[in-house]
Each structure stands twice: as C-alpha cells, then as structure tokens.
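Trainee: model the following, please.
(2 chains)
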Amino acid sequence: MNIIYKLIKKEIIRFLNDKTSMMLTFIVPIILMVIFGNIFGGHGSSRGKANLILINNSNSEIAKFIEQKLDSTETLRLIKNYSEEFSEIKFPYTEEIAKEHIKKGKISSALILPENFFTDTSSSLLFKFYYDPKNEIESAMIQGSVQQTIMSQVGGIMPVLMMRQAKKQIGENKFLNFSDDLKKTVSANFGVNVDSLQFLGGDFEKRAMNLNNNNSSNVIGNLVKFDSEQLVGADVKSPGLTRSIGGIAMMFMLFTLTAAANSMFEEKSEGTLNRLLCMPVKRSHILWSKYIYSLLLGIFQLLVLFTSAWLIFDLDIFSNFINLIIVIIASAAAAVSFGMIITSFAKNINQASGLSTLLILVMSAIGGAWFPIFLLPDWMQSLARGTLTFWAVEAYIQVLWRSADFSAIALNVLVLLSIAFIINFYSLLRFRKGKVFR
Amino acid sequence: MLQIENVSIKFGNIEALKGINLKVQKGEFFGLLGPNGAGKSTLMKIIVGYLKPDNGHVIMGNELVVYDNVNFRRKIGFVPQEISLYLELSAYQNLKIFGGFYNIPGKVLEEKITEVLKLVQLEDRKKDAVKNFSGGMKRRLNIAASILHDPELILCDEPTVGVDPQSRNAIFDMLMKLNREGKTIIYTTHYMEEAERMCPRLAIIDYGQIIAEGTLTELKKMLERQVTLKVLKTSITIEKTNELSQIGKLLELDGHYEIIPNEYFELNSKLFYYLEELGIPADIINLSRASLEDVFLSLTGRSLRD
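Mentor: Okay, the predicted model is just below:
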C-alpha cells in the first residue's frame, strides 16, 4: 500500500505541476458549463433572443396590438430600424432593405404587416414572412413564436374573419337573410331579444377581436381549455443547466480520466515507467495507483464543476447531495475503467488518444450528453443503452432534476459499477499482453 | 557478487540473449562492450529482475534473482540508458519521488538527496525544472536518482550517451569515486574509449553472445597484431616498398601502407632505426597500439559503430 500511496502522490505532484492539464480538467469544463448555462437559460432572463425585422405598414389596431405582443415575447428581439455602415443614423426598415439584409446574411428573418394587413372589409390577416433558413433551429423558433403570439393573443379575430369570408362567398343579401333567419330561430327557441344578436360588424367584432388583454372575452381562447401543470422541476432554479450538466460532466470526466490512464504511454516514452519497474515497484502497483488516482481526480473534477454551477447558476446540489455523490463515484469508476481498457488495448499514445477521442464523442452524442436521446432514431436509442454515458447522464437527471431517491438511481449505479468491474477485470488481463509494459 | 548463468531470452523470433555466462566480483568496475542492439540493455533488465529470462538465472550474493522480486531491487541501482526523469518537475522533486520507493525514512532521504546532489554537482540547481537542464546535467541527475538508496550494485546502461566531454568526465569521476567507495559497477557502453578508460575487466557482447571476456591486456593479446605501422605513400616510400615489406606483413591501401611488424621489429627502437636508415621522414609515420575496436573488429569482422 505504501508504494501505491507514493505512486498516487507522484501523480498528484505531476498534475499540480502541469498547468495545461489543470486547465483542461477544471477551467475548460466550467467555461463550457457557463456557455451551456446561458444557452439553456441558466439565469432565466439572460437567455438569448432571436432577431426579427418587423415592418408594420398597417394602421389597424390589431396590427399595433400584434407588434406590441411580439415586442414583449422572451424569444424575439424586434429590429425595426437599421443604420448604414459607419453611420449612427437610424432609418426605419423597408421591405426591400429587409429582403436585401436577409440575402446578405445580416439577419435571418423579417415579418411584414402590409398596409392592407387588416381593413374593415378584410376576410383574412395578410402577413409576409421572409427568411433565410441558414439556421433551421432559429428559423423554426421565430416562426413558432410568431404563430403562437398571433393565435394566442388575437385568436378572437377568427370568427370575424370566418363571417366575412361567408359573406364574401354567398353574397351580402343571402348572408343578411341567413343572419336574420338565424337570429329569429335563436330568439324563438332561447327567448333572446332579436336586437341584441349580432354576427358581424360593430360591437361583435370588437368583442371578438378582444384587443384589451381580457382573456375571459376571447372567443377562440375560451373554446379550448388546456390546463397544464408542471409536475417535475417546477422549483428548479436553472432548469436547462440542471438537465444538461450531467452530460457535460460525463464527457469531460471521460476525457480527463482517459488522458490520465493514457499517461502510462507518456511515462513509457519518457523512460520513467521503465525506471519505476526497475525499482521496488510492481506492475500491479502502477495499475492500482493509476486507477485510484484517476478515480479521485474524476470525483474531484466533478465536485469542482458542480460547485461552480452552484456558485454561478445557483444549481441545487445540496438537497440530494448523498445521491449525487453516489452517482459521481459510480460514473467516475466507470469512466476510469474506460480509460484503462483503451490503454490496455492501444499500441502507443497516438492510437490511445485517437481511439478514446472517437469513442468519447460517439458515446457522448448517442448517450445523451449533448442532446436528449429521443431525437435519435429508435435503433440508436437502443444502442445508447450500451454506453456508460447514457446510464450516467440518466442518473444525474434523476438526482438533480427529479431529486429522486436512491431507489430511482439504483439500477443506473449498479450498471455503472458493473461496467467498471467487468471492464477493469478485462483490462487487467489485457495489460499482460498489451504494449504499455513491453 | 554476481553470477549470470546460461541466460537466454527471446523476443518473438529474435534471440536477444544466447546463453550468457558472466561473473562479476564484489567491488569490481566491470564493462560490457558491444554495439547497439547487442543485448546489453536486455541483460541489465534481467539482472535487475525487470525481464524474465527464458533460460538460465542470475545469482547475486547467495540469492537467486527472481523476476519481479521487488525487494531484491533495493540492493541494485539501475541507471537507464534514456533520461528517465519527470522533466516538468525539479531535480529535488524527482529525487524525492524516486527515493520514496525505497522506504528511506524522511530525514535520511533528505540527507541522501543533499549528498547525491552534491556528488553530481547540482546542489545549486535543485529547485529548477529538469526540462531546463543541459543534456549533461540531466544525465548526472539520471545517475543520482539511481544511487539514492545506497545500492551494493550499480548497473549503468550507457550513461553517457549524447553527453558533452566535460559532463562525460564528470560522470566518469563520479562513478570511479563510487567504485572506490566499494560499490560494484557494471557499465555498458558502445564507446571502446570509455571501456578502456573505465573498466579494468570487461566482456564483449555481440548478437546476444559474449564473444570475449577478460582484462584489457588479456583481450588485446587475442589479436594477431599488437602494433600497426602506417606509412604515407610518397615518392620516397613508393620506391622503398620492398624494403618496407621487410618489416612485416604489408598491406597497400589508399594513400598509405599498413604494416604489421614481425617479431624482430616489435621493439620500437629497432623499427625507428630501420626507418631512419631507409631515409623515411618521421612526419609520414604513425605507429598505433591495438585497441578494443581492433579486438572487436578481429572477432566480428565489423566495427563497433557499424
């Protein structure tokens, strides 16, 4: 044990003297975590907005209302003016300039509310939308936000437009006759005063359009009731980061611990491995020291990362701390075994680095470290279950997002520890044949 | 002190060592001379128990050296051929790390570190990172890291490769001092000058076999010629070729004659008197004594540097 302790101490001294390794182990993951945190709304209001040119040429109340509502969305930043190069003078956007700017890639989308957007006789709302789908996510987000705003805020206009369409289709006389007949039927059967019934124009249209933010009189809004309640993570302060930090942590830990295991090749090429083996040091001492050191490094790395997330984004790591530590230890054990097996198979440092980078990136992609795995085809989702990243990321989500108890993570922990045990056992056998000790 | 009996090892199809037998006495400075790839380093690694021989064994004192017996390694200091140091760490940190594996108590280790740093003349650089050291300084530290635990036997595997003459001399002085203090040293090299200078007794190894063993005098006696006379080809010497061939066996080479004097002319006085009689000027004559290079050449037909 004394020799193993001294070898671990040697690893720590070397690590503390290697500024690059320190930076890659601690600083880079924190920087990436901060970027992810901001993308996914780590600070809520600080989330990024998509730029959208808005040109409102209509004088209608409804156009002004839509402009006001779009202006207040969290996802869009309306751009109404532009300035020429090297000039601070602002000009209001015109349709032609907007199109030109989109073609030049200065901005990706423009929404035009033309002069005839909505008039007293309009039977439809007329929008023009120009876009460059260079970034499909951004385009989809802008179009979704625009449609959602229109449908949710001015959905009441729809009955008015439908009535106007009907009037246009069947002619004014027939429509008036139909309207009178309908009024009489309603009056006869429901005892309502005929004069108070109105299906087009005047007060009906104003009430239907509901431009005063009073949802109770929103005709369409009241047709469909959608009661939603968030059951999980409602009180989580940084939801996006809470869901994604497990993936970031796992990917960087894999890189760090694989590099730590691969450092045996560096020691071999530096000659220090041979020197150690000509001293009172056995191969098993070296392997055990690498394993224990890597495990400790992985645990420490994740503790630093999670603590930073707590300090910067108020990520709640303490309410389920014991389970978080269990998952950290299990995932670190699995990650170390991954590094050891790569080292036992590789012929040299280049092969080990290349192979480990490839496998880590693939495992991170399909294991859910970068994006939710439901985005993947079914067969890839099945494949994901064969990666240690999947089990670790799921466990982190259970612990941090759901504040789940141990029973919810028991299977994940068991799988991770089993991966660690089996792979380590196999890599120990491989080290007898591998190149690192030859 | 050390007995190597019938040691053989194969790497794949390559027979790296073929039945090596050697004896090294306590306190001896023993040389192992051979070209690169002859099997010197492999033999060193077998002696230290790092490699397991396919056949044969090594006995140190009265103990059989068992492969991977780490306790046995405490008696040996192995100086590897490569600079085997943590370059990003300081000289002191390196010595502290390597010394730590020998279970030397903290205070004693500190004293030993100071002592060996003084021995290798690096006391004033102990806090500097090794990567900033010159090649010679690294080599000296490489040795220092191997003798911290006061080993009985020091195995030096080509410890002066790539070192400037000044550092080389410093290393020689250091090793000779250790030898005078009673350490047994086995020194491998492919520089015959080093072997001649340092090792009173040595073995020549080639293709995994010991092809000769003995003191310098014994080895040189194996040669047909102990002395070689070289005479430049000039108008005078070309005219006197017949007379020159009276000295001994004459070979006509590019630009000069090479003559192996016969028994009569082995005495320098007779040889120079005869040359003077012939009217051959002294500045075109070169008389050389046999070297280990010649021994190796005569035994293998190849130069040590081939």
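Trainee: now do the helices in the stretch 201-306 of chain B.
Mentor: With helices called from DSSP state H, counting those that start in this stretch, the stretch 201-306 of chain B shows them at B:216-220, B:235-239, B:241-244, B:268-278, B:292-300.
Trainee: most tightly surrounded among the ones you listed?
Mentor: With neighbours defined as mean count of other C-beta atoms under 10 Å in any protein chain shown, the helices of the stretch 201-306 of chain B peak in mean count at helix B:292-300, which reaches a mean of 19. All C-beta atoms are positioned from the backbone trio N, CA, C, and that covers glycine.
Trainee: now that helix - C-alpha only, CSV.
Mentor: Extracted C-alpha coordinates of helix B:292-300, given in CSV (Å, rounded to 0.1, in the frame of the first residue of the first chain):
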residue,chain,number,x,y,z
LEU,B,292,39.4,-2.7,-28.2
GLU,B,293,38.0,-1.6,-31.5
ASP,B,294,40.6,-3.8,-33.1
VAL,B,295,39.7,-6.6,-30.8
PHE,B,296,36.1,-6.3,-31.8
LEU,B,297,36.9,-6.0,-35.5
SER,B,298,39.1,-9.1,-35.4
LEU,B,299,36.4,-11.1,-33.5
THR,B,300,33.4,-10.0,-35.6
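Trainee: what mean pLDDT does that helix get?
Mentor: Averaged over helix B:292-300, pLDDT sits at 81.
Trainee: then stretch B:123-138?
Mentor: Per-residue scores along stretch B:123-138 average to 93.
Trainee: got the CA coordinates for it in CSV?
Mentor: C-alpha atoms of stretch B:123-138 as CSV (Å, rounded to 0.1, in the frame of the first residue of the first chain):
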residue,chain,number,x,y,z
GLU,B,123,23.1,21.4,-5.4
ASP,B,124,22.5,24.9,-6.6
ARG,B,125,20.0,23.8,-9.3
LYS,B,126,17.9,21.5,-7.2
LYS,B,127,14.8,23.7,-7.4
ASP,B,128,14.9,24.2,-11.2
ALA,B,129,12.7,22.2,-13.5
VAL,B,130,14.7,19.4,-15.2
LYS,B,131,13.5,20.4,-18.6
ASN,B,132,15.7,23.5,-18.3
PHE,B,133,18.8,21.4,-17.6
SER,B,134,21.5,20.7,-20.2
GLY,B,135,22.0,17.2,-21.5
GLY,B,136,24.9,16.6,-19.2
MET,B,137,23.1,17.8,-16.1
LYS,B,138,20.1,15.6,-16.9
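Trainee: low-confidence stretches in the chain?
Mentor: Since no chain was named, I'll use chain A. Along chain A, segments meeting pLDDT under 70 span A:41-48, A:155-156, A:194-226, A:228, A:434-435, A:438.
Trainee: chain B was what I was after
Mentor: Low-confidence segments of chain B (pLDDT under 70): B:224-225, B:304-306.
Trainee: packing partners for the strand or helix carrying B:Met176?
Mentor: Per DSSP states H and E, B:Met176 falls inside helix B:165-180. Judged by 3 or more C-beta pairs under 8 Å, 6 or more residues apart in numbering or on different chains; DSSP states H and E, the packing partners of helix B:165-180 are strand B:29-33, helix B:135-147, strand B:153-157, strand B:184-189, helix B:192-198.
Trainee: could you rerun that using 10 Å?
Mentor: strand B:29-33, strand B:76-79, helix B:106-119, helix B:135-147, strand B:153-157, strand B:184-189, helix B:192-198 (3 or more C-beta pairs under 10 Å, 6 or more residues apart in numbering or on different chains; DSSP states H and E).
Trainee: and of the ones you listed, who's closest to chain A?
Mentor: Chain A lies closest to strand B:76-79 among the helices and strands packed on helix B:165-180, at 4.1 Å (C-beta to the nearest C-beta).
Trainee: quick one: strands adjacent to that closest one?
Mentor: In the sheet, strand B:76-79 lines up against strand B:153-157 (parallel) (DSSP bridges).
Trainee: could I get the helices and strands packed on helix B:165-180 as TSV with distance to A:Ile53 and mean neighbour count?
Mentor: Shown next, in TSV, are these (distance: least, C-beta to C-beta, whole Å; neighbours: other C-beta atoms under 10 Å in any protein chain shown):
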stretch	distance to A:Ile53	mean neighbour count
strand B:29-33	83	26
strand B:76-79	75	26
helix B:106-119	72	15
helix B:135-147	66	22
strand B:153-157	75	24
strand B:184-189	79	24
helix B:192-198	82	19
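Trainee: just to be sure, B:Asn21 is in a strand?
Mentor: Yes. The assignment for B:Asn21 by DSSP: H, G, I helix; E, B strand; the rest coil puts it in a strand.
Trainee: so it is in contact with B:Leu2, correct?
Mentor: No. Here B:Asn21 lies out of contact with B:Leu2, judged by C-beta atoms under 10 Å, at a distance of 11.8 Å.
Trainee: so the residue of the stretch 101-250 of chain A found nearest chain B, which state does it fall into?
Mentor: Among the residues of the stretch 101-250 of chain A, A:Ala249 lies closest to chain B, at 27.5 Å counting by C-beta to the nearest C-beta. For A:Ala249, the assignment made with three-state DSSP gives helix.
Trainee: one more: the one 4 residues further on?
Mentor: Here A:Met253 is recorded as helix under three-state DSSP.
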